[in-house]
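K.L.:
The following block contains a protein sequence and its predicted model.
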Amino acid sequence: MNLEDRVMRSIAKRHGVVILRAELKRLGSPAQLSRVLSNLVKTKRLVRVGVGIYAKTRPNKFTHELAPAATFEDIAAEVFRKLGIDIAPGKLAHDYNAGKTTQVPMLAMVDTGRRRITRRISLGSRFITYERSGVHRRKEQQA
């Protein structure tokens, strides 16, 4: 069984949509893994979301082409969960969810609290924007 088959089998067994390169490092050398992941992205069996971050794909039921297996927001939330980064919705989403405004936020923005993050997470033309409030809104809501 070649490395590509082993990687695909490992990915298929995972419950989530997001795959970190670090989770696959035991399967082969860094150069071999880079080659296999690059090939999987070219054949659209995986989608690259960021540096060392990939998402599974599945056939779109309308176009029958391979597309990401979850929405961009779900993929981003799973990425942050796997990386151990505590985030909260951005100020615009917070205001919309609280009923303070009726304008639906168009940008995917997350609040990182005091933490400074520069990691780029994107899918197609969509990307995550970071804002720092100093304190998470989630903690404010608990008080």
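P.N.:
Structure received.

K.L.:
Thr57 looks like it's in a strand, true?
P.N.:
Yes: counting by DSSP: H, G, I helix; E, B strand; the rest coil, Thr57 is located in a strand.

K.L.:
OK, contacts around it?
P.N.:
Residues counted as contacts of Thr57 (C-beta atoms under 8 Å, 6 or more residues apart in numbering) are 44-47, 66-69. Where C-beta positions appear, they are placed from N, C-alpha and C, glycine not excepted.

K.L.:
Could you list everything Tyr130 pairs with in the sheet?
P.N.:
Counting by DSSP bridges, Tyr130 forms beta bridges with Val110.

K.L.:
What does the pLDDT read for it?
P.N.:
Note on Tyr130: pLDDT of 89.

K.L.:
i'd like the first residue to be 21 from this point on
P.N.:
With 21 as the first residue, the last one maps to Tyr150.

K.L.:
pretty sure it is in contact with Ile137, am I right?
P.N.:
Yes: counting by C-beta atoms under 8 Å, Ile137 is a contact partner of Tyr150 at 5.3 Å.
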